Every structure is written in structure tokens, then in C-alpha cells.
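**Q** compute the structure for the input listed below.
(chains A, B, C and D)
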Protein chains: 2
Amino acid sequence: MPHSEKLPSAESVEISGDETRRIPKAVVKRLSLYSRVLQSLERDKVDKVSSTDLADLLGLNSAQVRKDLATFGQFGIPGYGYQVTELRKRIKQILGTDRDIPVALIGVGHLGTALLSYAGFQRQGFRVICAFDVALNPSEHSRLPVPVYIVDELEPRIAAHAISMAILTVPQEAAQEITDRLVAAGITAILNFVPMRLRTPEHVKVHYVDLAIEMESLSFYLK
Amino acid sequence: MPHSEKLPSAESVEISGDETRRIPKAVVKRLSLYSRVLQSLERDKVDKVSSTDLADLLGLNSAQVRKDLATFGQFGIPGYGYQVTELRKRIKQILGTDRDIPVALIGVGHLGTALLSYAGFQRQGFRVICAFDVALNPSEHSRLPVPVYIVDELEPRIAAHAISMAILTVPQEAAQEITDRLVAAGITAILNFVPMRLRTPEHVKVHYVDLAIEMESLSFYLK
DNA sequence: TAGATTGTTAATCGATTAACAATC
DNA sequence: TAGATTGTTAATCGATTAACAATC
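**A** Numbers count the residues shown, from 1 in each chain, chains lettered A, B, ... in the order given. The predicted structure follows:
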């Protein structure tokens, strides 16, 4: 059997700490959506929002919104709704994005380069603070907003900055080896753009962004 | 209510033609995964595969694999399994990727540029044959593998090449206007990288690739 | 024929939605 | 108080999985 590719499989997560509950993955993803909508409401100086408003903005059902939010405690005021700023803060806290998160990117090719300059990450508090590649290219790399190091330096640099999140944009052949090294270096979350399944220990969470699969399944709907 | 962002909502599709069935979205996505695994099996000269093999390769349940495949007809041979090449061909046919598909890309910024050089699209038969931006930059654009046109030429160029699929990587402010023009020009499928909900008519299918949301929901899992 | 594996039905599981008492 | 909207329970819906007769 040649090489194994895998769908992200686990459908829910165990929250450790004071409570051991299963949080559906879909709820977590919607939480980030709520967070973004709330940010934009905040910019527009809206201070109150109901589950129906949020549902309309996101194309969801209002009961689902209330249920999602109630998963983590009682955030709303019956008869009133939710306070935009407070709700946004609490959601960001739950997601862990109430502080800047240092990130490493490995593989400074076309896609990696583009992601290094992607403002959307910055905006949500993700700081790509170092990048790695097999070869340095000072004339190209000096234009980038972050330092690029040779991949040999992966472990010490990741340790030095206490980074636990990585973006993987290396060629397929290198992906598993780099993943193993990232995991050994203490990385516990990977945003993977390489179209293959990564083998990782239980405690490491991988999100797959598979552009070719997105395109191919989209083409099914071409009329 | 300021601006509305939306989750892709429809959970299944109506197949028009000889049969009117509802195909769950998840099935279509897995179909593309099967297609890729089958391609790789084919490269490795494997000519037979069972639902259990496919399930193992993709981390799925073998009953699910059989059910998915049976959605579209009887592809397998009881007691034997599936013929790799035949199955791959039929899946590509179902997905509509048994032929090259012309694609337009709008917004030649960092991400757009990266995607223009992304080999994964080519490999699955997607041909980005023209790109558009608000401003031409001959010195930069001449290095790209496809011609870049000024966005004014959107409609005639799309018509000339009979393109019905587009990749959208424009700034948020431009996204809805460009979408409207794409739809009017005959585009029916959009791979959207802009982090906002696009309003489109029923017959247009949009897939959302939301990198910031992926990152943010991933950070929830940081231990 | 014996062994393997499909296609499919029925059972299970989980997620979404409707409805409503509680409450501001 | 009357009106609005939450949190939550129960009902619905859909997707996944187990099991197995049919079949190669």
C-alpha cells in the first residue's frame, strides 16, 4: 500500500481541566466565525446582538447559535441578547486567541511566501515569527516580513521562541520528516497545506487545507 | 447590520438529469479523496483495491466507502473489490474532472500569485488560463505562467474562453462587485479565499477557503 | 466449492432544529 | 407588567456504521 492520505477524523474534542466535555469540531469552527462577526460588529459600534442577528449574519439557525454559545457557559441575557464586546472577548478567550500566538512556517515556496505576507493571520493575532527553508535566498528572503532560517535550525529556533503552532508548506516528499521534527520540537498544532496525510501522535492536532480537493469537489457542481 | 458573512450552508445537492437524487456534500468531498488515492495506486501499478484498503488509506470506515461508491452505481465486484483504473476513471467522470477545466483567477496579489504557480491544480486537470487584476505590472506579471489582464476585460475574456470556474483572491472591498460580474459573465463555481460571505444566485456554487478561521479554530486545540 | 468482498438494510450515533419555560 | 430573548429539552433529521445476504 503506497502512501496513506487521511481525512481529519476526530469529530469532537475532550476538554481537560475542570470539565471533561466533548466539544464538536463544528462548534469550534463556528466559534471562530462568531468571533469574526463580533469583531466587525464592534468596529461598527454595535453593542447588542441577539442569537437571531448572529444566525442571519452567518446563515445559521438561531437555536444553533444559542446552543453553541451555551456550550461554554451562560453568555447571554434573556430578553436582551448578548453584549458584543463581552461575547467577543469570551469567545477569543475560549479559542485562546485573546493573546498573540507565535507561529513558525516551514517551506518558503510560492504558497509559503504568500502566507508570510497574509494580513488575515496578523489580524487574528497570529504572529509568524520565523520561517524555514532548505536553502536560503537572501535577495528574495530579505523582502519578506519575517526572517527565514535554514531548516537545520528548526529545533533550537522553535524552542527559543516557545512556538507550538506551525504552518506546513513544504513539498510532499519532505512533509512527514519535517512533521516528525516539528512534533519532537514541541509543536502541537499544524496547519497543513501538503496534500497528504501526516502521521502524528495523539496530542498533535492537524488541520488540512487541501486546495486541489476543494477544486475537484467544486467541479462536481459545475452545471 | 454591517456586513454578512456566511457558512456554506447547503448540505446536499440535487443532481439533475436522468436521476434526481440528493448527494451529501461530504460524499462529493470524499469522492475527490478517492480519486487522488486511486491515482496514486495507479502510479504504483496496483490494479485491485477493496473498500477496506481504501478505508485504511483514508482513515474511513469500509462501509462508508462502499456506500459512497454505490451512490453512483455498481462499481465493484463482490468477492474481488474494485478495479483501480476503472474506478478512478468513473469517479473522475462523476466529478467532471476527466477533462481539463479552464479556470480564471481574479486578484493577483500574494495569494493569487502563489496559486497561479500551484502545481496541484494543474495535476488535477485545472488550467488557470487567465488572471485579472486592477493594475498591470509587466515586470512582475511576465514571470507568471499565465497572462494577466486588466480587470476591465473580465467579461469578454471569460466569454472567449468559455470559462465557468473562478478563483477569487481579491481584497474584501472588491469581492462582492467582482463576484456579481463573474456571475453575469457566466461563472457558476467559485473557490473563494476572501473571508466574507458572497451573495450569489442559486445556481452558483461557492467553496470557502478561510485561512484565518482555520488557524483560529486550530488554536483552540493548543494544549 | 470455499473464501472474499460487494451492495444494502437496519441500527446507531450525532448534530440540527423546534418549542417553550425561565428570566430579564 | 408586557415583550423579548435566552438556555435547554425533546423531536427531527441526516450521516455513519454494523451486519449480512447476494455474488463473484
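**Q** going forward, measure contacts and count neighbours with C-alpha atoms only.
**A** Noted.
**Q** so who does the residue nearest to the spatial centre of chain A touch?
**A** Residue closest to the mean C-alpha point of chain A, counted by Cα atoms, centre = their mean, is residue A:191 at 6.4 Å. With contacts defined as Cα atoms under 8 Å, 6 or more residues apart in numbering or on different chains, residue A:191 is in contact with A:166-168, A:206-209, B:214-215, B:218.
**Q** and with 7 Å instead?
**A** Counting by Cα atoms under 7 Å, 6 or more residues apart in numbering or on different chains, residue A:191 makes contact with A:166-168, A:206-208, B:215.
**Q** quick check, it in a helix?
**A** No. Residue A:191 is assigned strand when assessed by DSSP: H, G, I helix; E, B strand; the rest coil, not a helix.
**Q** what bridges to it?
**A** For residue A:191, the beta-bridge partners under DSSP bridges are residue A:167, residue A:207.
**Q** check it and give its pLDDT.
**A** Predicted confidence (pLDDT) for residue A:191: 97.
**Q** same thing with residue A:119?
**A** Listed pLDDT for residue A:119 reads 86.
**Q** give me the phi and psi angles of it.
**A** Residue A:119 adopts backbone torsions of phi -70, psi -30, taken as degrees, to the nearest 10.
**Q** wait, does the lengthiest helix in chain A contact DNA strand C?
**A** When chain A is parsed with DSSP state H, its longest helix is helix A:25-43. Yes. For helix A:25-43, a contact with DNA strand C is found by Cα under 7 Å from any atom of the strand, at A:25-27.
**Q** most surrounded residue in those residues?
**A** Neighbour counts for these peak at residue A:27, which has 18 neighbours (criterion: other Cα atoms under 10 Å in any protein chain shown).
**Q** from residue A:40, how far off is that one?
**A** According to Cα to Cα, to the nearest Å, residue A:27 and residue A:40 sit 20 Å apart.
**Q** show me what from chain A comes close to DNA strand D.
**A** Taking Cα under 7 Å from any atom of the strand as the contact definition, chain A meets DNA strand D at A:49-52, A:63, A:66-67, A:69-71, A:73-82.
**Q** tell me which residues in stretch A:184-191 are buried?
**A** A:185-191 (16 or more other Cα atoms under 10 Å in any protein chain shown).
**Q** and the helices in chain A?
**A** Under DSSP H, chain A gives helices at A:25-43, A:51-58, A:62-70, A:84-95, A:110-116, A:119-123, A:138-141, A:154-160, A:172-184, A:211-219.
**Q** check contacts around the residue located most distally from the centre of chain A.
**A** In chain A, the greatest distance from the average C-alpha position (Cα atoms, centre = their mean) is reached by residue A:79, at 34.1 Å. Listed by Cα under 7 Å, 6+ apart, residue A:79 has no contact partners.
**Q** what's the pLDDT at it?
**A** In this model, residue A:79 is scored at 97, pLDDT.
**Q** how close does it sit to residue A:57?
**A** Distance of residue A:79 to residue A:57, computed by Cα to Cα: 20 Å.
**Q** equivalent analysis for residue A:164, please.
**A** Per Cα to Cα, residue A:164 is found 33 Å from residue A:57.
**Q** so which of the two has more stuff around it?
**A** A direct count of neighbours by other Cα under 10 Å for residue A:164 and residue A:57 places residue A:164 higher, at 23 against 19.
**Q** surely the more buried one is in contact with residue A:188?
**A** Yes. Between residue A:164 and residue A:188 there is a contact under Cα atoms under 7 Å: 5.5 Å.
**Q** enumerate the residues of chain A near chain B.
**A** Residues of chain A lying close to chain B by Cα under 7 Å from any Cα of the partner chain are A:2, A:4-7, A:9, A:28-29, A:32-33, A:41, A:44, A:57-59, A:95-97, A:110-111, A:114, A:120-121, A:124, A:188-189, A:191, A:205, A:207, A:212-213, A:215-222.
**Q** list buried residues within the residues you listed.
**A** The neighbour count (16+ other Cα under 10 Å) marks A:4-7, A:28-29, A:32-33, A:41, A:57-59, A:95-97, A:110-111, A:114, A:120-121, A:124, A:188-189, A:191, A:205, A:207, A:212-213, A:215-222 as buried among the residues of chain A next to chain B.
**Q** now the longest helix of chain A: average pLDDT?
**A** 95.
**Q** and the angle from that helix to helix A:51-58?
**A** 100 degrees (axes from the mean of the first three to the mean of the last three Cα atoms, to 10 degrees).
**Q** which helices and strands sit right next to helix A:25-43?
**A** Helix A:25-43 is packed against helix A:84-95, helix B:211-219, with contacts defined by 3 or more Cα pairs under 7 Å, 6 or more residues apart in numbering or on different chains; DSSP states H and E.
**Q** for residue A:173, find the nearest of those.
**A** With respect to residue A:173, and counting by Cα to Cα, the nearest of those is helix B:211-219 at 23.5 Å.
**Q** wondering if the closest one reaches chain A at all.
**A** Yes. Counting by Cα under 7 Å from any Cα, chain A has neighbours in helix B:211-219: B:212-213, B:215-219.
**Q** now pLDDT and distance to residue A:128 too, for the residues you listed, in CSV please.
**A** Shown next, in CSV, are the residues of helix B:211-219 next to chain A (pLDDT from 0 to 100; distance: Cα to Cα, whole Å):
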residue, pLDDT, distance to residue A:128
B:212, 93, 13
B:213, 93, 16
B:215, 95, 12
B:216, 94, 14
B:217, 92, 17
B:218, 93, 15
B:219, 93, 14
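**Q** want to throw the residues you listed into a markdown table with distance to DNA strand C?
**A** Formatted as a markdown table, the residues of helix B:211-219 next to chain A follow (distance: Cα to the nearest atom of the strand, whole Å):
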| residue | distance to DNA strand C |
| --- | --- |
| B:212 | 20 |
| B:213 | 16 |
| B:215 | 19 |
| B:216 | 18 |
| B:217 | 15 |
| B:218 | 17 |
| B:219 | 19 |
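**Q** just for chain A, where's the confidence low?
**A** Low-confidence segments of chain A, defined by pLDDT under 70: A:1-21.
**Q** which strand runs longest in it?
**A** Looking across chain A with DSSP state E, the single longest strand is strand A:126-133.
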